[in-house]
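Chemist: Provided below are the primary sequence and the corresponding predicted coordinates.
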Amino acid sequence: MKILITGVSGMLGSNLQKVLSEDNCVFSTGNSNFPEEPENYMAFDLKSNSYDKLIKWSNPDLIILSGALTNGNYCNENPTEAMDVNGLSVSKFINATDKKVKIIYISTDAVFSSKTHLAKENDCVSPESVYGKSKELGEFFLNQSHREFCIIRTTIVGLNTNSRKTSFLEWIVNSAKNNEAINLFNDVTFTPISIWDFTEEIKHLISLENLPKETLHIAGNEIVTKYEFGDQLLKNLQIDRTSIRKGSITEFKDRAKRCTDQTLNVDYYQGKFNRTLPNIKKTITSIKHHYHEAHKIR
Ligand SMILES: NC(=O)c1ccc[n+]([C@@H]2O[C@H](COP(=O)([O-])OP(=O)(O)OC[C@H]3O[C@@H](n4cnc5c(N)ncnc54)[C@H](OP(=O)(O)O)[C@@H]3O)[C@@H](O)[C@H]2O)c1
């Protein structure tokens, strides 16, 4: 299958590119060139008015939309750009491609409000941030289309291939190694899944004869606070934990609003597709394996 993946200069996209290239012909794109960029990579700005060049070049059967502006503060300060890159781009891909081209859209827990605990696929969305609203817009366009599609809401953690980037996980590890004190929220809960386990689920979905034309929640199946996650991560990597402290989201009043409850309910996906999603132990094991393998933390 010919697959076009967006966001390949980012954390998830780079891993999707690596793994899916084993069995497919993958073309990839991101907003910038980077030292570790793979073959068949083209820098392309999703704010462009015409996507013809990108589609002609890659001629995909399936597009995986992982590219997005993911910095909540930046989205808040630049709402028009966030809506364009994260939301409108979906409409542009639909208009630029033939009806038979399938689309997978990576969405987020941020489409829900803090009042929704363990959000289910059919719970009402009510984003509290510009980032969440922009992803809701992307979902809207795909739901209105007549495509074979799948919208996947998730909460991912992982390492970057792009040496110019730092993920949440890398920030925790680097800070601890450098003995820099950081506060991790002990009043924000989430259900993280590693990018490696998540990619296995994408592999499973694209192996099906047809994509399920629906929204799925694919995340970890266990709830932790951000602090508990950092604490368990460092403990398992045998890195000194004294520099991480329990913090509260209420201390960060000037930041973009972020939900205190970011948990997703994964029962529907696990039941329908007979898949077992990872608990926190498995997620940390997966991170540990890739951390040691890649020696990637900078
Ligand atoms: N990370 C999370 O916690 C999380 C949680 C839930 C859902 N998600 C979703 O998962 C997906 C992947 O997230 P991630 O963490 O891998 O993101 P990331 O590391 O921030 O990467 C974002 C990617 O999008 C690209 N991008 C940004 N603006 C663009 C533009 N104008 N034109 C073209 N490409 C552009 C970036 O390109 P450059 O770097 O070259 O600018 C980069 O390749 C996103 O759709 C995100 O909404 C992420």
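Modeler: That came through, no problem. This one's a predicted model, so the numbers in the text were calculated from it and none came from an experiment.

Chemist: is there proximity between stretch 48-62 and the ligand?
Modeler: No - contact of stretch 48-62 with the ligand is not found when judged by C-beta under 6 Å from any ligand atom; the minimum separation is 8.0 Å. To be clear about C-beta, it is placed using only N, CA and C from the backbone, and glycine gets the same treatment.

Chemist: could you do stretch 120-128 as well?
Modeler: No - judged by C-beta under 6 Å from any ligand atom, stretch 120-128 makes no contact with the ligand; its nearest approach is 12.0 Å.

Chemist: and stretch 218-230, what's buried?
Modeler: Using 16 or more other C-beta atoms under 10 Å as the test for burial, stretch 218-230 gives 218-230.

Chemist: meant to ask about stretch 201-221, not that
Modeler: Judged by neighbour count using 16+ other C-beta under 10 Å, the buried positions of stretch 201-221 are Glu201, Ile202, Leu205, Ile206, Leu211, Thr215, Leu216, His217, Ile218, Ala219, Gly220, Asn221.

Chemist: likewise for stretch 81-94?
Modeler: Quick answer for stretch 81-94 (16+ other C-beta under 10 Å): 82-94.

Chemist: ok, now stretch 125-132?
Modeler: When burial is assessed from 16+ other C-beta under 10 Å, stretch 125-132 yields the following buried residues: Val125, Pro127, Glu128, Ser129, Val130, Tyr131, Gly132.

Chemist: mind checking how far that stretch is from the chain centre?
Modeler: Stretch 125-132 has its C-alpha centroid displaced from the chain centroid by 15 Å (C-alpha atoms, centre = their mean, to the nearest Å).

Chemist: and the contacts of it?
Modeler: Contact partners of stretch 125-132, identified using C-beta atoms under 8 Å, 6 or more residues apart in numbering, comprise 69-72, 75-76, 79, 82-83, 86, 108, 110-116, 133, 135-136, 139, 256-259.

Chemist: again, only this time at 7 Å
Modeler: Around stretch 125-132, the neighbours that count as contacts under C-beta atoms under 7 Å, 6 or more residues apart in numbering are 72, 75-76, 79, 82, 108, 110-114, 133, 136, 256-259.

Chemist: so which of those residues belong to helices?
Modeler: Among the contacts of stretch 125-132, the residues falling in helices (DSSP state H) are Gly72, Cys75, Asn76, Pro79, Ala82, Lys133, Glu136.

Chemist: and the protein, which of its residues are near the ligand?
Modeler: Applying C-beta under 6 Å from any ligand atom, we find that the chain lies next to the ligand at 7-13, 30-32, 45-47, 66-70, 85, 106, 108, 135, 154-156.

Chemist: just the buried members of those residues?
Modeler: Buried members of the residues of the chain next to the ligand, counted by 16+ other C-beta under 10 Å: 7-13, 30-31, 46, 66-70, 85, 106, 108, 135, 154-156.

Chemist: which element is Glu37 on?
Modeler: Per DSSP states H and E, Glu37 falls between elements, in no helix or strand.

Chemist: now whatever residue of the chain ends up closest to the ligand: phi and psi?
Modeler: When scored by C-beta to the nearest ligand atom, the chain has Gly10 as its residue closest to the ligand, at 2.0 Å. Torsion angles at Gly10 (phi, psi; degrees, to the nearest 10) stand at phi -100, psi -180.

Chemist: which ones are touching it?
Modeler: Residues near Gly10 by C-beta under 7 Å, 6+ apart: Gly30, Ser66, Gly67.

Chemist: repeat that for 10 Å
Modeler: For Gly10, the contact set (C-beta atoms under 10 Å, 6 or more residues apart in numbering) comprises 16, 30-31, 34, 66-68, 70, 160-162, 165, 167.

Chemist: for burial, what's the neighbour tally of Glu121?
Modeler: Number of residues near Glu121 (other C-beta atoms under 10 Å) recorded here: 16.

Chemist: can you give me the strands for this protein?
Modeler: According to DSSP state E, the chain carries its strands in the segments 2-5, 25-30, 41-43, 62-65, 102-108, 149-154, 156-157, 182-185, 189-190, 193-194, 214-217, 224-225, 244-247, 261-262.

Chemist: got CSV for the ones you listed, with mean pLDDT and distance to Asn279 too?
Modeler: Shown next, in CSV, are those (pLDDT from 0 to 100; distance: least, C-beta to C-beta, whole Å):
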stretch, mean pLDDT, distance to Asn279
strand 2-5, 98, 28
strand 25-30, 98, 30
strand 41-43, 98, 35
strand 62-65, 98, 26
strand 102-108, 98, 21
strand 149-154, 98, 16
strand 156-157, 98, 14
strand 182-185, 95, 20
strand 189-190, 98, 13
strand 193-194, 98, 10
strand 214-217, 98, 15
strand 224-225, 98, 10
strand 244-247, 94, 22
strand 261-262, 96, 17
